[in-house]
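**Q** How does the following fold in three dimensions:
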Amino acid sequence: MEIFGGKLNRDSINVIVAKSDGVVDPMWIYFNFNDFSSGMISLFAMMFLNDWQDYLRMYSLIWDDQYNILVATYWISFMLISWYIILNILVAYVIDTYSQLEEATAEQER
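**A** Residues are numbered from 1 along each chain as shown. Here you go, the predicted model:
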């Protein structure tokens, strides 16, 4: 998160909106990494929103072309890891609910 800190501000968002052909919304300035709490809120929002590829594009427009692979690697690895964790939590919840129902059914049959 430190590598993105301070890169997104009111001046840079206007340049990004102009470069992105209208894909980037100017309100996305609030999804920044300028401090720790904003960074955590931004990552949480990006983990659950469908526009993560637009955030990837927005941050790749901030950096020079030589760092685009770094930006893409960070975003794609973050999304894959977060989806993996969420999927594991969901599967654990389903298995736990199933085992509780199975135990309740077994007790009723006795």
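**Q** can we go C-alpha only for contacts and neighbour counts from here?
**A** Will do.
**Q** Give me the three-state assignment for Gly6.
**A** When states are read from DSSP: H, G, I helix; E, B strand; the rest coil, the local structure at Gly6 comes out as coil.
**Q** ok, now Val24?
**A** Following three-state DSSP, the label given to Val24 is coil.
**Q** Mind telling me what element the nearest residue to Phe31 once chain neighbours are set aside is part of?
**A** For Phe31, ignoring the flanking residues on the chain, the nearest one in space by CA to CA, 6 or more residues apart in numbering is Ser42 at 4.9 Å. With elements taken from DSSP states H and E, the one containing Ser42 is helix 36-48.
**Q** And the next helix or strand past that helix?
**A** Downstream of helix 36-48, the next assigned helix or strand under DSSP H and E is helix 52-62.
**Q** Who are the packing partners of the following helix or strand past that next one?
**A** For helix 52-62, the following helix or strand on the C-terminal side (DSSP H and E) is helix 68-109. Using 3 or more CA pairs under 8 Å, 6 or more residues apart in numbering; DSSP states H and E as the contact criterion, the secondary-structure elements in contact with helix 68-109 are helix 36-48, helix 52-62.
**Q** Could I get the buried residue list for the longest one?
**A** Think helix 36-48. Applying a neighbour-count criterion of 16 or more other CA atoms under 10 Å, the buried positions in helix 36-48 are 39, 42-43, 46-47.
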